[in-house]
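Engineer: prediction below, plus the sequence it came from.
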Amino acid sequence: MLDIKFVRQNPDAVKENIKKKFQDEKLVLVDEVIDFDAKFRAAKTRCDELRAQRNKKSKEIGGLMAQGKKDEAEQVKAAVKAMADEMAQLEEDEKVYADEVKNRMMVIPNIIDPSVPIGKDDSENVEIEKYGDPVVPDFEVPYHVDIMESLDGIDLDAARRTSGNGFYYLKGNIARLHSSILSYARDFMIDRGFTYYIPPYMIHGDVVKGVMSFKEMENMMYKIEGEDLYLIGTSEHSMIGKFIDTINDADTLPQTLTSYSPCFRKEVGAHGIEERGVYRIHQFEKQEMVVVCEPEESPKWYDVLWQNTVDFFRTLDIPVRTLECCSGDLADLKVKSCDVEAWSPRQQKYFEVGSCSNLGDAQARRLGIRVRPKDSKELHFAHTLNNTVVAPPRMLIAFLENNLRADGSVAIPKPLQPYMGGMTEIR
């Protein structure tokens, strides 16, 4: 959510930003915000004036009564009552106007970074850099579910019977591999100085509205019927929510956190749920990175976060690339974002395995996450960032395809072998 002062003083810049995100239907919101904001401030000013007048008049009543001027005192009382009635109406108007402003501000997109490429959708995202040499083996690489089934590691049919499409049973060495990757990711991030968390898997509605746009909320979140609770779509939601309504001393920042959680997603939209596969599903597990920092430090931490994911995949010899998200592919709260994509030998192309985002002060403004500077009493909003370390089972697709051998066995890279009980391969 933008600063109302910024919108008031820079309406053209806000509109230009909306155009860059190809959301022209939202242009009218800027003028509406400015109009309702003006009405709110006018009502507040008038209310303040009346309050001062009422206080002054109220003091007169006692003096008039003491002088025996009862009729004049009654006239002043009537005037005071009229002021109180007008103030009551103005206070109601203030609330209405404030709500109208907030409702529109919640859907006006954040100002994107000048470096973000302009494009309508993800087809116009821009490749930044490749890491590792993508290899196409001289044997056919089966579909990832076929690889798992050949190793007796997945049961989709049973999951359909219990839960429907978009769910899975992992078992045996594939299930162990899944857990090993997460354990390795946890230790990888701890070794890089991040504090490990296991957060709540359900959060209140005010936290949901604070961490994501309404469109994302509708398309992703599962609501617990009859309760003000939602299942998290990523641990970023509860980890950023941890700081709601807090004032953080500058010397306690940055907060660098890494968190494990299951994730639950409706996956409503164009992509949909696969009939057979584990690329886009309703339930998965993830190791996440979250940073809360001073505004001037967020560009630096953005680069640190996406580099962590690249480094993690490269320790497992999986080729990856980074892709700059264009303006039309950015969620409304994001200032800048890039995807990390892994190489698929079967498809001979890259696919998304993680996303790194700088949200500026958007989440902090919604959630009231403020910073107290060392040399000033004036508070300001923090910046928040997040990035995926790894999210199996999607990462399993990249892992299995890139470590598959011609005989159908799968090699276990050295960093994972301790987590697999010393195993060097899966057969």
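Structural biologist: Thanks, I have it.

Engineer: where does the protein have its least confident helix or strand?
Structural biologist: Lowest by mean pLDDT, DSSP states H and E among the helices and strands of the chain is helix 214-220, with a mean of 82.

Engineer: what about that one, distance to the chain center?
Structural biologist: 11 Å (Cα atoms, centre = their mean, to the nearest Å).

Engineer: residues touching it, excluding its own?
Structural biologist: 106-107, 208-209, 212, 233, 265-269, 331-332 (Cβ atoms under 8 Å, 6 or more residues apart in numbering). For the C-beta atoms, the positions are set from N, CA and C on the backbone; glycine is no exception.

Engineer: show me what counts as buried in the longest helix belonging to the chain.
Structural biologist: When the chain is parsed with DSSP state H, its longest helix is helix 27-66. Under the neighbour-count criterion of 16 or more other Cβ atoms under 10 Å, helix 27-66 has 29-30, 33-34, 36-37, 39-40, 43-44, 47, 50, 54, 60-61, 64 buried.

Engineer: quick check: V30 vs Y197, distance?
Structural biologist: Distance of V30 to Y197, given as Cβ to Cβ, to the nearest Å: 38 Å.

Engineer: my bad, V141
Structural biologist: Distance, V141 to Y197, using Cβ to Cβ: 36 Å.

Engineer: tell me the pLDDT at the nearest residue to I4 once chain neighbours are set aside?
Structural biologist: Nearest residue to I4, sequence neighbours excluded (Cβ to Cβ, 6 or more residues apart in numbering): D37, at 6.1 Å. On pLDDT, D37 comes in at 96.

Engineer: can you show me the helices along the stretch 151-300 of the chain?
Structural biologist: Ranges of helices in the stretch 151-300 of the chain, per DSSP state H, counting those that start in this stretch, are 156-162, 172-191, 205-211, 214-220, 235-241, 298-315.

Engineer: can you give me the angle the host helix or strand of E94 makes with helix 27-66?
Structural biologist: Counting by DSSP states H and E, the element that carries E94 is helix 70-105. On the basis of axes from the mean of the first three to the mean of the last three Cα atoms, to 10 degrees, helix 70-105 is oriented at 160 degrees to helix 27-66.

Engineer: for the helices of the stretch 151-300 of the chain, give me a markdown table that also has distance to K349.
Structural biologist: Shown next, in a markdown table, are the helices of the stretch 151-300 of the chain (distance: least, Cβ to Cβ, whole Å):
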| stretch | distance to K349 |
| --- | --- |
| helix 156-162 | 24 |
| helix 172-191 | 22 |
| helix 205-211 | 31 |
| helix 214-220 | 25 |
| helix 235-241 | 27 |
| helix 298-315 | 16 |
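
Engineer: low-confidence ranges, the chain, go.
Structural biologist: Low-confidence segments of the chain, defined by pLDDT under 70: 268-275.

Engineer: returning to what we had before: check which residues of the helix holding E94 are buried.
Structural biologist: Across helix 70-105, burial judged by 16+ other Cβ under 10 Å covers 73, 76-77, 79-80, 83, 87, 90, 93-94, 97-98, 100-101, 104-105.

Engineer: ok, stretch 358-371 next?
Structural biologist: 358-367, 369-371.

Engineer: restricting to C-alpha, output the helix or strand harbouring K5 in PDB.
Structural biologist: Using DSSP H and E, K5 maps to helix 4-9. Provided in PDB are the C-alpha atoms of helix 4-9 (Å, rounded to 0.1, in the frame of the first residue of the first chain):
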ATOM      1  CA  ILE A   4      -1.400   8.600   0.900                       C
ATOM      2  CA  LYS A   5       0.900  11.700   0.900                       C
ATOM      3  CA  PHE A   6       2.800  10.300  -2.100                       C
ATOM      4  CA  VAL A   7      -0.500   9.600  -4.000                       C
ATOM      5  CA  ARG A   8      -1.700  13.100  -3.100                       C
ATOM      6  CA  GLN A   9       1.500  14.800  -4.300                       C
END
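
Engineer: still on that earlier bit, of the contacts of helix 214-220, buried ones?
Structural biologist: 106, 208, 212, 233, 265-267, 331-332.

Engineer: so which of the helices of the stretch 151-300 of the chain gets nearest V410?
Structural biologist: Of all the helices of the stretch 151-300 of the chain, it is helix 172-191 that lies closest to V410, at 8.1 Å by Cβ to Cβ.

Engineer: what angle separates the closest one from helix 298-315?
Structural biologist: 140 degrees.

Engineer: so what touches helix 172-191?
Structural biologist: Applying Cβ under 8 Å, 6+ apart, the contact partners of helix 172-191 are 148, 151-154, 170, 196, 258, 260, 285, 287, 289, 308, 312, 315, 389-390, 392-393, 395-396, 399, 412, 415-416, 419-420, 423, 426.

Engineer: residue contacts, the nearest residue in space to L333 that is not next to it in sequence?
Structural biologist: Ranked by Cβ to Cβ, 6+ apart and with sequence neighbours excluded, the top spatial neighbour of L333 is A362, at 4.2 Å. Neighbour list for A362: 1-2, 110, 333-335, 384 [criterion: Cβ under 8 Å, 6+ apart].

Engineer: got these as TSV, with neighbour count, distance to D12 and secondary structure columns?
Structural biologist: Listed next are those as TSV, based on neighbours: other Cβ atoms under 10 Å; distance: Cβ to Cβ, whole Å; DSSP: H, G, I helix; E, B strand; the rest coil:
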residue	neighbour count	distance to D12	secondary structure
M1	22	19	coil
L2	21	14	coil
N110	24	17	coil
L333	23	22	coil
K334	24	22	coil
V335	22	19	coil
T384	28	27	strand
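
Engineer: redo these as JSON lines? Include distance to N17.
Structural biologist: Output for the contacts of A362, formatted as JSON lines (distance: Cβ to Cβ, whole Å):
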{"residue": "M1", "distance to N17": "14"}
{"residue": "L2", "distance to N17": "9"}
{"residue": "N110", "distance to N17": "8"}
{"residue": "L333", "distance to N17": "13"}
{"residue": "K334", "distance to N17": "12"}
{"residue": "V335", "distance to N17": "11"}
{"residue": "T384", "distance to N17": "19"}
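
Engineer: of all those residues, which two lie farthest apart?
Structural biologist: L2 and T384 (15.2 Å).

Engineer: how close does the residue at the greatest distance from the centre of the chain sit to I61?
Structural biologist: What lies farthest from the middle of the chain is G68; by Cα atoms, centre = their mean that is 67.3 Å. Between G68 and I61 the computed distance is 13 Å (Cβ to Cβ).
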